[in-house]
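Colleague: What follows is a predicted protein model with its sequence.
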Amino acid sequence: MNSYYPLPEWYPQSATVIVWPHRYSDWLHMLDDISQTYVTLVKAIVKYQRVIVVYFNAEHKTAITKLCQEHECDIQQLTFIGIETNDTWVRDYGPQILYGSTGYQYIDYEFNAWGEQYPCRLDNLFAEEFFEYVDDQCCEYYRTPLVIEGGNLEFDSQANLLTNIACIKRNTPNLSLTNEDIIEKLSYEFSLKCVLTIDVPPLKGDDTGGHIDTLARFIDDDTIVFSSTEDENNPNHACLMLLKNQLSALRNKHGKPYKLIPIPLPEKILLNEDDDYLPASYVNFLFINNAIIVPLHHDKHDQLAIGRLAQSCPKRKVIGVHANTLLQQFGSLHCATLHIPENILREDI
């Protein structure tokens with residue numbers, strides 16, 4: 001393989017991809033509510049950059065367009081692409097795009113719906129189909145049998161990866177990989193200098209097995225924000241204390257500890273109508289050009305989360321979007337979006 005390296009999410013982007021919920025997915029019973037969430041999210045993003053809206057069929061596209069127009073969303077900033085999907089969590093089944101001296105590499109990895117929990121045949125084909133809209137003159141397609149989800153990959157700008165290794169092992173049980181095997185595979189596929197691993201259980205209700213994007217995120221090369229709680233009665237307290245201790249043991253390229261910024265979970269424990277825990281986490285935010293969009297939960301800690309991110313990223317506008325409806329299917333804003341680096345899309349889309 002050529003030497004291509006991952007880009008951090010805070011680098012310039014050409015677009016954000018979303019896969020709009022449709023009646024053929026698990027969203028059928030609450031399609032109106034989740035569509036309202038997506039309209040709000042899209043309106044926030046298009047003030048800063050283009051949004052690529054993936055629709056299921058022509059009828060679906062018409063409904064999305066009408067809804068966006070009714071809510072005065074800037075249609076000129078939307079690009080519609082038709083690809084059939086099982087679900088909406090494009091962060092996990094979309095491609096990873098690496099940068100090298102001769103252009104970009106587009107990595108299409110295997111997706112098994114977090115350990116074969118849900119139907120995923122269409123989602124596993126998504127990255128291959130989306131490549132049609134990429135400029136193949138500057139971007140090389142590469143397919144790997146590695147099973148990993150984008151929500152468990154957190155890159156800095158120095159070719160370092162932060163990931164929850166417990167999640168990888170849970171979602172690929174048939175491979176019986178050791179920690180060393182996993183680190184070697186990740187280092188090869190992404191041309192990494194260092195793989196920084198934590199090994200912690202997931203937040204309650206997280207059906208991904210503990211994606212890093214619910215637990216800890218790079219803000220810059222030397223700073224990590226992470227989920228926390230001081231409430232010993234919170235069911236996630238033990239998990240997050242373990243997380244804090246393991247993050248404290250990590251070292252940056254200078255051999256120094258990372259600056260760690262805690263962002264408390266919502267004060268209220270969120271449950272769905274079946275009394276299942278929902279994995280609400282403010283670190284499931286997304287970077288866009290000049291801004292950060294953070295999930296809100298109608299909770300007293302909402303403004304605390306916004307404040308800590310604003311203080312950590314003073315050059316970016318921090319925007320809140322309520323995400324409790326997304327949580328009903330156990331995901332949030334970062335899970336539902338995929339950033340596309342600049343200069344790789346075809347000019348005619």
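Modeller: In hand now; what should we look at?

Colleague: Could you measure from the residue nearest to residue 126 when sequence neighbours are not counted over to residue 123?
Modeller: Counting by Cβ to Cβ, 6 or more residues apart in numbering, residue 93 is the residue found nearest to residue 126 once chain neighbours are left out, at 5.2 Å. For glycine as for every other residue, the C-beta is placed from the backbone atoms N, C-alpha and C. Residue 93 sits 4 Å away from residue 123, going by Cβ to Cβ, to the nearest Å.

Colleague: which residues are common contacts for those two?
Modeller: Residues within reach of residue 93 and of residue 123 at once, by Cβ atoms under 8 Å, 6 or more residues apart in numbering, are residue 111.

Colleague: Compare those two and say which one has the larger neighbour count.
Modeller: A direct count of neighbours by other Cβ atoms under 10 Å for residue 93 and residue 123 places residue 93 higher, at 27 against 24.

Colleague: neighbours around residue 62, how many?
Modeller: Residues near residue 62, counting by other Cβ under 10 Å: 11.

Colleague: Point out the other helices and strands that the helix or strand hosting it packs with.
Modeller: In this structure, residue 62 is located in helix 58-70 according to DSSP states H and E. The elements that helix 58-70 packs onto, with contact taken as 3 or more Cβ pairs under 8 Å, 6 or more residues apart in numbering; DSSP states H and E, are helix 31-45, strand 50-55, strand 78-82.

Colleague: Of the ones you listed, which is nearest residue 323?
Modeller: Proximity to residue 323 (Cβ to Cβ) singles out helix 31-45 among the helices and strands packed on helix 58-70, at 7.0 Å.

Colleague: Please point out which parts of the closest one sit buried.
Modeller: 34-35, 37-45 (16 or more other Cβ atoms under 10 Å).

Colleague: any chance you could map the helices in this structure?
Modeller: 31-45, 58-70, 90-93, 113-116, 121-130, 165-171, 179-190, 237-248, 302-312, 324-327 (DSSP state H).

Colleague: Which neighbouring elements make contact with the last one?
Modeller: Think helix 324-327. helix 31-45.

Colleague: Show the end-to-end separation of stretch 102-119, please.
Modeller: Chord length of stretch 102-119, first to last residue, is 37 Å (Cα to Cα, to the nearest Å).

Colleague: in it, what counts as buried?
Modeller: By 16+ other Cβ under 10 Å, the buried positions in stretch 102-119 come out as 103-109, 111-115, 118.
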